[in-house]
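Asks: With the input below, show me the fold.
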Amino acid sequence: MAENVKLINPNQLQRNPENPRLIFRQDELDALQDSIAKQGILVPLTVYQSSKHYFLLDGERRWRCALKLGLPKVPVIIQPEPDRMQNLMMMFAIHNARKDWDPLPTALKLQDLEEEFTRRNGRKPKEEELAGLASLSRGVVRRLKKLLHLPEEYRDELQRELEKPRSKQEITVDHVLEATKAAESLRKRSVIDTKEENKLRRAILNKFRSKVISNTVAPRKLVRLSRAVQRQEVSVSTARHAVEKLIYEPSYSIDDAFTQTVEQADFGHSLEQLVERVISRLEEYEERGYQLSEALRQVLRRLESRIRSMS
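Replies: Numbering: from 1, shown residues only. Got it, this is the predicted structure:
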């Protein structure tokens, strides 16, 4: 064994309080535990020593499996003790390069990193700075910050979902963020008020659970509806009627709402353009002094009859 690797009783180790990874799914731990039981720990854990204790920098899953298997010793590499900000940065840098974390715990720890930077520097970090400190892209940082702005009830609900195996999760972060953006966009266009915004978000999530909505990005059609309202292509009253049905009718889907608002408006607009062209052609026909043929006369009568039946 290399000189910088030591063998330590796993009971002497403690988890890193700054580790953003809070969810350890049992099926993943079981697979790793089986591997360690057969081959041992092939990659040493990385730790630092503080007072009489060792704290993990890397290898919490291996450590948990070692405790479960009752291993007397585990290989570790001991690093110098970092300060809190260094610890946070190391946690992001070490673990983010390995396996994707669950977004909500990561967002909470990103908030800690931002607060530590603010405490030290007397100002909040710019988005680019925070992304660099956390070894994340700016897009990921923006997404994580959106999670922090969610009402507590939704964060708690997501946390409960995250504790399930991935195959059993009914609601994900993406579901909540998409529903939130859709409801927010309609509230900004005065289609709904703040109370109804939350009712709509909850209704969308319930429809995800019941499989009435199966496409994660389906709520984006509601964002398109809000834009249609802004451009006055769909009236506020028409949009509101569709949204109320989404809130109060369990089987009414976003596709239904979109069809009865934006698609109907688009179809009506294209029909309007077509009628304008027909009128223009009829005027040109008359200007040229053409006589109506019997066939054309019959078609125009059918058109007149159809218009009367629709009014």
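Asks: Who are the packing partners of the helix or strand harbouring Ala37?
Replies: According to DSSP states H and E, Ala37 maps onto helix 26-39. Secondary-structure packing of helix 26-39 (3 or more Cβ pairs under 8 Å, 6 or more residues apart in numbering; DSSP states H and E): helix 60-69. Placement of C-beta: from N, CA and C, glycine included.
Asks: Provide the strand pairings for the helix or strand following the helix it packs on, with the direction of each partner.
Replies: Once helix 60-69 ends, the next helix or strand along the chain (criterion: DSSP H and E) is strand 74-79. Strand pairing for strand 74-79, determined by DSSP bridges: strand 5-8 (antiparallel), strand 45-50 (parallel).
Asks: and the residue nearest to Ser235 when sequence neighbours are not counted, how many neighbours?
Replies: Closest residue to Ser235 apart from its sequence neighbours, by Cβ to Cβ, 6 or more residues apart in numbering: Val229 at 7.6 Å. Val229 sits with 24 neighbouring residues when counted by other Cβ atoms under 10 Å.
Asks: how about the helix holding Ala37: buried residues?
Replies: Neighbour-count burial for helix 26-39, counted by 16 or more other Cβ atoms under 10 Å, picks out Leu32, Gln33, Ile36.
Asks: pretty sure the last one contacts Leu67?
Replies: No: when contacts are counted by Cβ atoms under 8 Å, Ile36 is not listed as touching Leu67 (11.0 Å).
Asks: tell me, how many neighbours does Phe24 end up with?
Replies: Using other Cβ under 10 Å, Phe24 has 13 neighbouring residues.
Asks: correction: His149
Replies: Neighbour tally, His149, other Cβ under 10 Å: 9.
Asks: Leu158 now?
Replies: Close neighbours of Leu158, defined as other Cβ under 10 Å, add up to 22.
Asks: residue contacts, the closest residue to it other than its chain neighbours?
Replies: With sequence-adjacent residues excluded and distances taken as Cβ to Cβ, 6+ apart, Leu158 is closest to Leu104, at 5.1 Å. By Cβ atoms under 8 Å, 6 or more residues apart in numbering, the contact set of Leu104 is Leu147, Arg155, Leu158, Gln159, Leu162, Val173.
Asks: rerun that using 10 Å as the cut-off
Replies: For Leu104, the contacting residues are 20, 22-23, 144, 147-148, 150, 154-156, 158-159, 161-162, 173, 176, by Cβ atoms under 10 Å, 6 or more residues apart in numbering.
Asks: Select only the buried ones of these in PyMOL?
Replies: Applied in PyMOL, the following selects the buried portion of the contacts of Leu104 according to 16+ other Cβ under 10 Å:
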select buried, resi 20+22+144+147+150+154+155+158+161+162+173+176
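Asks: any idea how far Ala179 is from Ala228?
Replies: Separation of Ala228 from Ala179 (Cβ to Cβ, to the nearest Å) stands at 19 Å.
Asks: Then Ser293?
Replies: Taking Cβ to Cβ, one finds Ser293 at 57 Å from Ala179.
Asks: Which residue of these two possesses the greater neighbour count?
Replies: Ala179 (27 against 9).
Asks: Next one: Leu296 from Arg288, what distance?
Replies: Taken as Cβ to Cβ, the span from Leu296 to Arg288 is 13 Å.
Asks: The two: which is more packed in?
Replies: Legend: neighbour count by other Cβ under 10 Å for Leu296 and Arg288, higher for Leu296 (13 against 7).
Asks: secondary structure element for that one?
Replies: helix 294-310.
Asks: If you count contacts, what does that helix end up packed against?
Replies: Packing contacts for helix 294-310, counted by 3 or more Cβ pairs under 10 Å, 6 or more residues apart in numbering; DSSP states H and E, involve helix 264-287.
Asks: Good, wrapping up.
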